[in-house]
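Novice: below: sequence and its predicted model.
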Amino acid sequence: MTVSMTAPTITVSVPTARAGGRDRQVVEVRDEELFRALRSAQPREAERIREILVTRHDRLVRWTVGRYALPAVDRGELLQVGYLGLVLAIERFDVDRGIDFGSYAVPTVQGEIRRWFRDKRRWVRLPRKLQETKARLQVEGELLTHRLHRAPLPRELAAHCGIPEELVMQALAAEDNFPPASLDASVGQDVDEDLKLADVLGVEDSAIDLTIDCAVLRPLLEQLDEFERRLLRMHCYHELPQSRIAVELGCSQTQVSRLLKRILTDLRHQLPAESA
């Protein structure tokens, strides 16, 4: 029997009853058979087997990378690291141990990604103990989440892992710090690959402060009578000079000045300390 591979299937040539005859048929070969064939395959054939295995488990890499993707991280570069982990898993996998390849490959891919973050992307490196604790808490935290049907508390994580609660708190609070990213760095994925980091950054909204001021002043202004509110509206909103306000209200400019001073002083005294 001879084999020739075109991902994700293998064409197998098998002898027929006719002398020297061969029939060719396409069959879907299990991962276990591919790994056994990889052991004794010639270099070119081994390369094709690896390509088939990588193609079959492409989703595994993309799912794992998706858990670590951040706007400031080049997703394409992270995918390359994930595929490197997948290739390493393929090379190291022992099919005779009787375990599923996916269960073996995920920790290997995760390990390569975490190593890349630790060695290449951290701006400030965490102490090794915190790094190891964070990695362990991530794995054990997922197990507890499935078991409890909710996110575990720090004390529950500490009891489950057998480590001090203070260390758990430190590891959870420790931030992974990354170097500054270019505003032109791509953060789009499959749908919008042209999306840049600058396109998703927020800007300061000056209207927020105005909204807060209005919310604070509204109940105070409601305490004024209609004449006082009209006076303030012409002075603060329409920004009319006092001489024009005096003409509109039928009083003297001196009266307008005194009224404004009294009203504004009273309002200022009623404002909360942080708003005054």
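Specialist: In hand now; what should we look at?
Novice: the helix or strand where residue 130 lies packs against which elements?
Specialist: Secondary structure from DSSP states H and E places residue 130 in helix 128-148. Secondary-structure packing of helix 128-148 (3 or more CB pairs under 8 Å, 6 or more residues apart in numbering; DSSP states H and E): helix 154-161, helix 165-173. No exception for glycine: its C-beta is placed from N, CA and C like everyone else's.
Novice: can I get it in PDB? Just the C-alpha atoms.
Specialist: Output in PDB follows, covering the C-alpha atoms of helix 128-148 (Å, rounded to 0.1, in the frame of the first residue of the first chain):
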ATOM      1  CA  ARG A 128       8.600  34.700  38.300                       C
ATOM      2  CA  LYS A 129       6.400  33.600  41.200                       C
ATOM      3  CA  LEU A 130       3.600  36.000  40.200                       C
ATOM      4  CA  GLN A 131       3.900  34.900  36.600                       C
ATOM      5  CA  GLU A 132       3.600  31.200  37.500                       C
ATOM      6  CA  THR A 133       0.700  32.000  39.900                       C
ATOM      7  CA  LYS A 134      -1.200  34.000  37.300                       C
ATOM      8  CA  ALA A 135      -0.800  31.100  34.800                       C
ATOM      9  CA  ARG A 136      -2.000  28.600  37.300                       C
ATOM     10  CA  LEU A 137      -4.900  30.700  38.400                       C
ATOM     11  CA  GLN A 138      -6.100  31.100  34.800                       C
ATOM     12  CA  VAL A 139      -6.300  27.400  34.300                       C
ATOM     13  CA  GLU A 140      -7.700  26.500  37.700                       C
ATOM     14  CA  GLY A 141     -10.100  29.500  37.500                       C
ATOM     15  CA  GLU A 142     -11.700  28.100  34.400                       C
ATOM     16  CA  LEU A 143     -12.200  24.800  36.000                       C
ATOM     17  CA  LEU A 144     -13.800  26.300  39.100                       C
ATOM     18  CA  THR A 145     -16.000  28.600  36.900                       C
ATOM     19  CA  HIS A 146     -17.400  25.500  35.200                       C
ATOM     20  CA  ARG A 147     -17.900  23.700  38.500                       C
ATOM     21  CA  LEU A 148     -19.500  26.700  40.400                       C
END
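Novice: now it against helix 165-173, angle please.
Specialist: Using axes from the mean of the first three to the mean of the last three CA atoms, to 10 degrees, the inter-axis angle of helix 128-148 relative to helix 165-173 is 90 degrees.
Novice: need the helices and strands packed on helix 128-148 in CSV with mean pLDDT and distance to residue 270, can you?
Specialist: Converted to CSV, the helices and strands packed on helix 128-148 look like this (pLDDT from 0 to 100; distance: least, CB to CB, whole Å):
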stretch, mean pLDDT, distance to residue 270
helix 154-161, 90, 44
helix 165-173, 85, 41
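Novice: any chance of CSV for the ones you listed, columns distance to residue 233 and mean neighbour count?
Specialist: Converted to CSV, the helices and strands packed on helix 128-148 look like this (distance: least, CB to CB, whole Å; neighbours: other CB atoms under 10 Å):
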stretch, distance to residue 233, mean neighbour count
helix 154-161, 54, 16
helix 165-173, 50, 16
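Novice: now these in a markdown table, with distance to residue 201?
Specialist: Listed next are those as a markdown table, based on distance: least, CB to CB, whole Å:
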| stretch | distance to residue 201 |
| --- | --- |
| helix 154-161 | 32 |
| helix 165-173 | 25 |
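Novice: and the helix holding residue 130, how far from the chain's centre?
Specialist: Distance of helix 128-148 from its chain centroid, counting by CA atoms, centre = their mean, to the nearest Å, is 18 Å.
Novice: repeat that for stretch 254-265.
Specialist: 55 Å.
Novice: tell me where the protein has strands.
Specialist: Per DSSP state E, the chain carries strands over the ranges 2-6, 9-15, 22-27.
Novice: averaged pLDDT, the second one. What do you get?
Specialist: Okay, so that is strand 9-15. If you average the pLDDT over strand 9-15, you get 43.
Novice: tell me where the protein has helices.
Specialist: Counting by DSSP state H, the chain has helices at residues 31-40, 43-56, 58-68, 75-92, 101-116, 128-148, 154-161, 165-173, 197-200, 207-221, 226-232, 242-249, 253-270.
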